[in-house]
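Trainee: Quick one: sequence and predicted model below, then my questions.
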Amino acid sequence: MSAADAASAPAFPVIGDWTLRRAAGDDLDQLVALERVIFESDAWPAKLWRSELESPYTWYVAVVATAAPDVVLGYAGLLALPRAHDADIQTIGLAAEVRGHGLGRELMRQLHDEARRRGVREMFLDVRVDNPVAQGLYTSFGYQEIGVRKGYYQPDDVDALVMRLTLEGLDTRPSAATRPTEGQ
């Protein structure tokens, strides 16, 4: 990492016993294993994870314990193409044992901050219709449902809600009134 890259790199907070760091190729096996536990039947294969981590257009962050920074307990990823004003949240996941401590909110905040650094104005994501906890997290940031993708999640044949957030002029940190209290 160059001095300029280091100067512009985000400073990650410590949240309880955990912190965040950039995810890297060395994390591949842990990301794949955690993905299989979290998402079971529709988990991404290792080949897809590898291409996501190697792409110059994606940005991934990992949740790690401060006492064991090599152990990945969660992750989130952003896809933002050059000169595009929109970006996609590729994935977000947390191990069961670290849910409910605000780490999901912090992952989202980091993705929004990185999107802003890349000049993004709108964020998009897909979420399973049978995942109200994730939907609550996203709506707490101001995401709005804009469509449904029928049968998007396979092999379970579960629909996806498509959600959008406009970043320009919007503080995407959840307010106390809308902040979810369970499961993020």
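Mentor: Okay, I see it. Residues are numbered from 1 along each chain as shown.
Trainee: drop to CA atoms for contacts and neighbour counts, all remaining ones
Mentor: OK.
Trainee: OK, contacts around Asp29?
Mentor: Ala46 (CA atoms under 8 Å, 6 or more residues apart in numbering).
Trainee: where's it, which helix or strand?
Mentor: Per DSSP states H and E: Asp29 is located in helix 28-39.
Trainee: centroid residue for this protein?
Mentor: Ala76 (2.8 Å; CA atoms, centre = their mean).
Trainee: Identify the bridge partners of it.
Mentor: As for beta bridges, Ala76 partners with Val61, Ile92 under DSSP bridges.
Trainee: how close does the nearest residue to Gly74 once chain neighbours are set aside sit to Met123?
Mentor: Spatial nearest neighbour of Gly74, chain neighbours left out: Leu94 (4.1 Å); criterion: CA to CA, 6 or more residues apart in numbering. According to CA to CA, to the nearest Å, Leu94 and Met123 sit 21 Å apart.
Trainee: where do the helices sit along this protein?
Mentor: 3-8, 28-39, 46-54, 103-117, 132-140 (DSSP state H).
Trainee: List the buried residues for the fourth one?
Mentor: Of the residues in helix 103-117, those buried under the neighbour-count criterion (16 or more other CA atoms under 10 Å) are 103-116.
Trainee: Mind picking the two most distant members of the residues you listed?
Mentor: Leu103 and Arg116 (19.9 Å; CA to CA).
Trainee: Tell me where the model's unsure across this structure.
Mentor: Residue ranges of the chain with pLDDT under 70: 1-10, 169-184.
Trainee: Glu168 reaches Arg121, doesn't it?
Mentor: Yes: assessed by CA atoms under 8 Å, Glu168 is found in contact with Arg121 at 5.5 Å.
Trainee: Pick out whichever of those two has more residues nearby.
Mentor: Taking other CA atoms under 10 Å, Glu168 and Arg121 do not tie; Arg121 has more neighbours (18 against 12).
Trainee: quick one, what contacts the more buried one?
Mentor: Per CA under 8 Å, 6+ apart, neighbours of Arg121: His85, Asp86, Ala115, Thr166, Leu167, Glu168.
Trainee: Reformat those residues as JSON lines; add distance to Tyr138.
Mentor: Shown next, in JSON lines, are the contacts of Arg121 (distance: CA to CA, whole Å):
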{"residue": "His85", "distance to Tyr138": "20"}
{"residue": "Asp86", "distance to Tyr138": "17"}
{"residue": "Ala115", "distance to Tyr138": "16"}
{"residue": "Thr166", "distance to Tyr138": "12"}
{"residue": "Leu167", "distance to Tyr138": "13"}
{"residue": "Glu168", "distance to Tyr138": "17"}
